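*Asks:* Model the structure of this input:
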Amino acid sequence: MLDAEDIALFRESIKGTKKLTQNTFVPPRTVNVKKKAEIREIREKQDTLFYFSDEYEPLLNDESAVKYLREGEDSYILKQLRRGDFSPELFLDLHGLTREQAKQELAALIQACESEHVYCASIMTGYGTYTLKRQIPRWLVQHPKVRALHQAPKEWGGEAAILVLLDV
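*Replies:* Below is the predicted model:
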């Protein structure tokens, strides 16, 4: 509690000032949930793209069927992929796309698999100049969510497609 002397001192120090009127209203800041979700989705897509380097050269055998198994995974998974035991739930067709477009679509596919909890996807590379057919596995082996990949069996596209098993 203030004593009379302190109150008098305060009144003496503010003598000659005007009282301020508060006539402005500052509305509370609203968060645009939709815009925030879009920004998060773009960031996640960019994060996924981060894994795809064009300079990285994994030890893949270009002569035989395309195949890769992440270290620590059961080798039986490759046999299952080759036989078609896993049915792809998402399909990505890269026919007619440039390398950069294909890289964007690949990142979007992995993101979609993760958000939809899809563990097996098929990527149609086609035959063409074999540019994408050779590059797609090199990009995929760099991503930490990719457990295994193998050239698709005939019913899922054969030599023109790759089956990917993801850790979702």
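
*Asks:* got the residue ranges for the helices in this structure?
*Replies:* 4-13, 33-49, 76-83, 99-116, 131-140 (DSSP state H).

*Asks:* Any idea which of those helices gets closest to residue 167?
*Replies:* helix 99-116 (9.2 Å; CB to CB). The way it works is simple: take the backbone N, C-alpha and C, and place the C-beta from them, glycine included.

*Asks:* so how far is that closest one off the chain centroid?
*Replies:* A distance of 7 Å separates the centroid of the chain from that of helix 99-116, by CA atoms, centre = their mean, to the nearest Å.

*Asks:* and if you look at stretch 123-135?
*Replies:* Using CA atoms, centre = their mean, the offset of stretch 123-135 from its chain centre is 22 Å.

*Asks:* Tell me which residues of it come out buried.
*Replies:* For stretch 123-135, the buried set under the neighbour-count rule, 16 or more other CB atoms under 10 Å, comprises 123, 124, 125, 126, 132, 133, 135.

*Asks:* Kindly check the end-to-end length of it for me.
*Replies:* 12 Å (CA to CA, to the nearest Å).

*Asks:* Please enumerate residues in contact with it?
*Replies:* Applying CB atoms under 8 Å, 6 or more residues apart in numbering, the contact partners of stretch 123-135 are 54, 62, 66, 91-95, 97, 99, 102, 106, 109, 136, 157, 159-162, 164.

*Asks:* Show me which of those are buried.
*Replies:* When the contacts of stretch 123-135 are checked for burial by 16+ other CB under 10 Å, the buried set is 66, 92, 94, 97, 102, 106, 109, 136, 157, 160-162, 164.
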